[in-house]
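Visitor: just need the structure, nothing else, for what follows:
(chains A and B)
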Amino acid sequence: MATLRDGQIGYREAMALLATTLTMHVFLTLPQHYIIEGKTAGWMLPMVDFLFTLGVLFLWLPLVKANPHKTIVEVAEESGGPITGTLVGVLIFIYFVFLTVIIMRQFTETVIVALLPTTPISVISILFLVAMIYSAYQGIESLSRGAWLLMPFIIIGLLGVLALILPRANPVTIFPFWGSGIPEILKFGVIKSFLPMQIILISMLIPYLRDKTRLTTVAVGSLTISAVLIALTVLVYIMVFPVPSSINSGPYPLENLARLIYYGRFIQRVESIFIFIWIFGMLVKASALFYLAAISLARGLKLPEYRPLLFPLVILVYGLNFMIPNFPTAVWLDKNIYRSFGWILAITIPALVWLLYKLKGKGGDSHGQPQNSN
Amino acid sequence: MSLWSKIKSLFTIDDYYMKETFSLGDRPAKGTGGKQDKENSQPAKEENQADSQPKGEGQDNPKKQLQPAEPQAKQQGGFVKPKKPLKVNQLPEQDGQPVVDIHSPEIYTDLGLNLTKLKARFHIPPNTDIIIREFTIPLNPPIKGALVFMEGLASRDTINSHVLLPLMLLTNLDEQGRNLNTITIVMERLLPGNQVEEKDAFDDLVQGIMAGTTMILLDGYNKGMLVETKGWEHRTVGRPNVENVVRGPQEAFVEHIRVNTALVRKRLRCDTLVTEMFKVGRLSNVDCAVLYLEGLTNPKLIEEIRRRIKAIDTDYITDTGTLEQFIEDNPASLIPGQLYTERPDRVAAHLTEGHVAIMVDGDPFVLIVPITLWSLLHAAEDAYIRWPYASLLRMVRTLAVFMTLLLPSFYISIVNYHPEMIPTDLLLAVAASRETIPFPAVWEIIFMEISFELIREASVRIPSLIGPTLGIVGAIILGQAAVQANIISPLLVIIVALTGLGSFAIPNYSMSLAMRTLRFVFLFLSSAFGFYGLAIGVFVTIIHICSQKSFGVPILSPVSPFRPPSGDIILRRPVWQQEQRPMFMRSLLLRRQPKITRPWDPASDQYKQNQDNQNQEPNGGKPNGNP
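Guide: Predicted coordinates:
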């Protein structure tokens, strides 16, 4: 069930795509949630999350490596029959659509606050969807190349903001060092983890990877880059906005940081420039999630091509986007639904497929013919 | 018609109203006879039919066309036998020959029959370009022959002194070889031309005549000969008009394809340079050359180019600009997928990197495929000046691209949506300059951009005699008057001027046009949505460019997808460090020079390595040889 004309992606491009997809979550309200949960040690939560995800990833990678030409949907189908395959495909599809919708809603609300206060959200969403559907239509090859092209700007931009704000940072404010306490950090690091998304991303993207031997590099590399960037951002945020005030400093932590940059008369109020990086990153993330939603549905339903699904899906995303009544609800969904339960889904689906695979003992990819021979 | 009669005619009804003005009327029915719709002649025939009285019965037309031939045949006296009016497509039975077809490939043994067929084929008499010269070769026995060439395309001097003279006058000098075939005697002993070919097919002869060679037919032989006598007028090799350089070769391609191939071959004196010729266009039927280095260029690429050129099925192509639209990968994209150049040195340099060059006879521009986006920002000069300067120049050009593309939309976004971005003093200055302007900033900028585009377009189209006037008009409108009239702000003049300068600094005209077009898209997006719209537009453009390929090479390689760079993307490495050809070309030979190319240089560690080599083997002081 190879999808047509999708091409293959190099390991650098794959890494860039995954790293951007994971990191861009920090541009939303994520830092604040970390601080609420971990207090002054909020920056440790992504590290705990990272270690937790890394552990799961290493358990999971052997199965992915054993079936390098199949997504998790096909593995599930071969191990557990067609219905299982479709079920897994549809579950992953729901996961990605949910993620796309809450990210898009939070993002468009932020655009209204930061850039276009009088423009209706429907117009902003339509523009966003146009870019998203275009890049999803062009396929994973173009999207990952775009991500690789944009990643230096995103990383330099993020680090640049963090570096330029350092004069206003007060290192003392990271104390007490352990924040809400080690048990709390460990607990929240796991039960509110969001990096396990990487596992599903990897298991959907593996057939497109040109050099399958670099899978571990791609998975671990992108995870490390994202975890470090997120932790650094939260750390600087805590140093600039000391803990009690950082919780209430408005919903867009990074924009608040960028707004404070002041170097004489000419380097100030750079958040508008910063917004470019932010929009690019968010578009890469949303397009990747949208694309993955489309291919997981296409593969789950055994369709040879995902592109005809894009237009119906875009209507679905647009509609769901407005079923969220307001911005706080979107944030609530992100914090209490996605980050509380998303990781369970991201771990249990692969775990169940793993179990099925072992039980049926269809081991090896000996009879799995290459899906993308082009 | 005097003024009075004109006025009078307004009040009278006379035959004037009955007259029909000329019109082409309905499309005449296609000729129904035989194989008339054969590719070569079909469009020309349609035109002929359209000119004649449209009777609706196409069968009559061919007959009519040949009727004027009758008097002329009479004038020629008794030399040529067939004098009866003949149908174009079916010659009547004659001299025991079977019924013949003017499109049949065979050459008859009867000279008269061949000439008649030829005349019918070239529509003689109305057509006057074809010269038919009949003569007798005084062999024993004498043989009648005819020589046919296209006036203006073939060189008269060559024909007179190297074809006609030996055939008519010098034949008696040689009495040997009587037992040979006459054609062989003529080809081997009588025709001193450097390229003489024997042809069996009539169509080959016709093609040859149209390409400027001279055809010779002999009575009693069903073969023809083509003598190379091409000699049409063309420009001499001159200085480049478009791609000027301060340093480097100063010669450019011309409209003659053989001169062009020679200009390239002059620079690549190697036996691996191959020139393949194709014919393109049914009516234009011009030569199209594909140049590559055998054993270096990827054979798959050459095969793909052959496939695409052979697939072209159209009637008229005479330049690479038309050709490229038939063979390019992304016809709908703004970004060009191929590079054109008028510089032989640039073509030669690209060929050594594994690219393929495509020439079309009659066009002084040569296509180079495949290309990357970066090569559209390169100029020939970059290779001839030292690497730091070249890198700087290329950075300037990259900046020019961004300025052309984004400066106006950036200005609009800031002024309309994000005034908080600029420092207060600058903001006040901008506000003060805009205070007296009655229009929104968007209108201002659109007005200025359109006037700028107008001036630019006019300056290209204007006859060069009145060119200088345009500069004055442009300077007054764009610079002085618009500001003084409070229509636009002075700051905007600077923005538009910088944008214009940026677009002039892009070395590739197609790329420059692409940027100019895209600029308006971004302008629209940013005037409607500020930075948000601009960012969305830029993102979609990036994804679009990432999806583009030029003959199988992703257009952003080697940056995205990443390949080990060869040191010639935007920044340029010293030429002695560019040891490998671009990886994305997948050429058969990757390395172009050994690792050590400056073994004499004591400052580099290469020297040390060389010293070590010398110490190890006292005789071999040479660096690593070329692979």
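Visitor: go through the helix or strand hosting residue A:184 and flag the buried ones.
Guide: For residue A:184, the enclosing helix or strand under DSSP states H and E is helix A:182-191. With burial defined by 16 or more other C-beta atoms under 10 Å in any protein chain shown, the residues of helix A:182-191 counted as buried are A:184, A:185, A:188, A:189, A:190. Where C-beta positions appear, they are placed from N, C-alpha and C, glycine not excepted.
Visitor: what comes into contact with stretch B:380-393?
Guide: B:243, B:245-248, B:341, B:343, B:345-346, B:349, B:379, B:394, B:570-575 (C-beta atoms under 8 Å, 6 or more residues apart in numbering or on different chains).
Visitor: so how far is it off the chain centroid?
Guide: On the basis of C-alpha atoms, centre = their mean, to the nearest Å, stretch B:380-393 sits 28 Å off its chain's mean C-alpha point.
Visitor: where does chain A have its least confident helix or strand?
Guide: The weakest-scoring helix or strand in chain A, judged by mean pLDDT, DSSP states H and E, is strand A:267-268 (a mean of 72).
Visitor: elements contacting it?
Guide: The criterion is 3 or more C-beta pairs under 8 Å, 6 or more residues apart in numbering or on different chains; DSSP states H and E, and there are no helices or strands that strand A:267-268 contacts.
Visitor: adjacent strands (with direction) for it?
Guide: Partners of strand A:267-268 in the sheet, by DSSP bridges, are strand A:262-263 (antiparallel).
Visitor: following the longest helix along chain A, which helix or strand comes up?
Guide: Of all the segments of type helix in chain A, defined by DSSP state H, the longest one is helix A:82-114. Downstream of helix A:82-114, the first helix or strand assigned by DSSP H and E is helix A:121-138.
Visitor: model confidence over that following helix, on average?
Guide: Helix A:121-138 shows a mean pLDDT of 94.
Visitor: now the end-to-end length of stretch B:478-488.
Guide: Across its full length, stretch B:478-488 reaches 9 Å between end residues, using C-alpha to C-alpha, to the nearest Å.
Visitor: got a list of contacts for it?
Guide: Contacts of stretch B:478-488 (C-beta under 8 Å, 6+ apart): B:436-439, B:444, B:447-448, B:451-452, B:455, B:489-490, B:493, B:496-497.
Visitor: hmm, back to that, so what does the helix holding residue A:184 touch, helix or strand wise?
Guide: Using 3+ C-beta pairs under 8 Å, 6+ apart: helix A:182-191 touches helix A:30-38, helix A:44-66.
Visitor: switch those helices over to TSV; also include mean neighbour count, distance to residue B:461 and mean pLDDT.
Guide: Below are the helices and strands packed on helix A:182-191 laid out as TSV (neighbours: other C-beta atoms under 10 Å in any protein chain shown; distance: least, C-beta to C-beta, whole Å; pLDDT from 0 to 100):
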stretch	mean neighbour count	distance to residue B:461	mean pLDDT
helix A:30-38	24	58	87
helix A:44-66	20	62	90
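Visitor: export the ones you listed to TSV and tack on distance to residue B:327?
Guide: TSV is the format used below for the helices and strands packed on helix A:182-191 (distance: least, C-beta to C-beta, whole Å):
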stretch	distance to residue B:327
helix A:30-38	50
helix A:44-66	42
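Visitor: of all the ones you listed, which one is nearest residue B:404?
Guide: helix A:30-38 (38.0 Å; C-beta to C-beta).
Visitor: contacts for the closest one?
Guide: So helix A:30-38 is contacted by A:42-46, A:179-180, A:184-185, A:188-189, A:192, A:194, A:230, A:233-234, A:237-238, A:243, A:246-247, A:251, A:253-254, A:335, A:339 (C-beta under 8 Å, 6+ apart).
Visitor: buried subset of those as a PyMOL selection?
Guide: Buried subset of the contacts of helix A:30-38, written as a PyMOL selection, criterion 16+ other C-beta under 10 Å:
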select buried, chain A and resi 42+43+44+45+46+179+180+184+185+188+189+192+194+230+233+234+237+238+243+246+251+253+254+335+339
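Visitor: which parts of the stretch 1-150 of chain A sit against chain B?
Guide: A:9-10, A:12-13, A:111, A:115-116, A:119, A:124, A:127-128, A:130-131, A:134-135, A:138-139, A:141-143, A:145-146, A:148-150 (C-beta under 8 Å from any C-beta of the partner chain).
Visitor: and the closest residue to chain B within the stretch 151-300 of chain A, how many neighbours?
Guide: At 3.9 Å from chain B, residue A:279 is the closest residue in the stretch 151-300 of chain A, using C-beta to the nearest C-beta. Residue A:279 has 25 neighbours, counted by other C-beta atoms under 10 Å in any protein chain shown.
Visitor: next up, the contacts around it.
Guide: Counted by C-beta under 8 Å, 6+ apart, residue A:279 has contacts A:111, B:531, B:532, B:535, B:536, B:539.
Visitor: tell me which of those residues fall in helices.
Guide: Those of the contacts of residue A:279 lying in helices (DSSP H): A:111, B:531, B:532, B:535, B:536, B:539.
Visitor: ok, for the residue lying farthest from the centre of chain A, nearest residue in space, not its chain neighbours?
Guide: Distance from the C-alpha centroid of chain A, by C-alpha atoms, centre = their mean, peaks at residue A:265 (36.6 Å). Excluding the flanking residues, the one nearest residue A:265 by C-beta to C-beta, 6 or more residues apart in numbering or on different chains is residue B:423, at 4.8 Å.
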